[in-house]
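# model the following, please.
(one chain, ligands or ions: 1)
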Amino acid sequence: MQEDDKLSPELVWQADGHLTEIALTALGDGEDAILPDGAAAHVARCPSCSTALGRTALLSLRAGEVMRAQPASSCAGEPAPARVPLPISAIAFALALSALGAAPSLVSGAGGLRERWAALWHACSVVVRTGWAVAGSGALSGWLTALPWISAALLVVVGVGVAWTRGKQLSLNGGM
Ligand SMILES: [Zn+2]
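Numbers count the residues shown, from 1 in each chain. This is a model prediction of the structure:
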């Protein structure tokens, strides 16, 4: 990745230290490669930005639904795209972000179990907030069918956190 391909800092960071709408949209679209290092980690740690990311994911979901609802007159020969019941990719991305952002704090908080759980809880809460935003919007009639997905996502977060913590302890015990 060349530096030229990344967004310039003034497009990414607001004056108050939070991410801009542009950066959040890029994250929600999975285009984190164009963001400078630290942007994704900030979202995972910052409640304000992670909430905003959830909203952004919801907006792109709605945009996607509107586009899918259009009659495919211009490309009648092509099969209609399958309906996506949930912004799984957006939620999965928020999830990955959370794990990514929580991981350093899990490690640095190696002395305190409570801090580790706090980081883990924050990671989970990002996913819950994203799911809640989707559910509360009423945009998805069959969203209840997605509950297993959200549960699975939470389990993955916890699993990643536990695996990371264990891995760190093992490497410490290994004399590193
Ligand atoms: Zn922030």
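# use CA for all of it now, contacts and neighbours both
Will do.
# give me phi/psi at residue 13?
Main-chain torsions, residue 13, degrees, to the nearest 10: phi -110, psi 140.
# same thing with the one 3 residues further on?
As for residue 16, its main-chain torsions (degrees, to the nearest 10) stand at phi -90, psi 10.
# same thing with the one 3 residues further on?
Dihedral angles of residue 19 (phi, psi; degrees, to the nearest 10) stand at phi -80, psi 150.
# give me the residue ranges of this protein where confidence is low.
1-4, 70-120, 123-124, 126-152, 155, 159, 162-163, 165-176 (pLDDT under 70).
# one more time with 90
Scanning the chain for pLDDT under 90 picks out 1-6, 25-33, 37-38, 40-41, 43-44, 50-176.
# next, count neighbours for the residue of it found nearest the ion.
Relative to the ion, the nearest point of the chain is residue 18 (3.7 Å; C-alpha to the ion). By the measure other C-alpha atoms under 10 Å, the count of residues near residue 18 is 17.
# residue 62 versus the closest residue in space to it that isn't next to it in sequence, what's the distance?
The shortest distance from residue 18 to any non-neighbouring residue, by C-alpha to C-alpha, 6 or more residues apart in numbering, is to residue 49 (6.6 Å). When distance is defined by C-alpha to C-alpha, to the nearest Å, residue 49 is 20 Å away from residue 62.
# okay, the two: which has more neighbours?
residue 49 (20 against 17).
# so what secondary structure elements neighbour the helix or strand containing the more buried one?
Element membership for residue 49 (DSSP states H and E) is helix 47-69. Under the contact criterion of 3 or more C-alpha pairs under 8 Å, 6 or more residues apart in numbering; DSSP states H and E, helix 47-69 touches helix 21-28, helix 39-45, helix 88-108, helix 113-137.
# do it and the ion meet?
Yes - counting by C-alpha under 5 Å from the ion, the ion has neighbours in helix 47-69: residue 49.
# quick one: buried residues of that helix?
49-58, 60-62, 65 (16 or more other C-alpha atoms under 10 Å).
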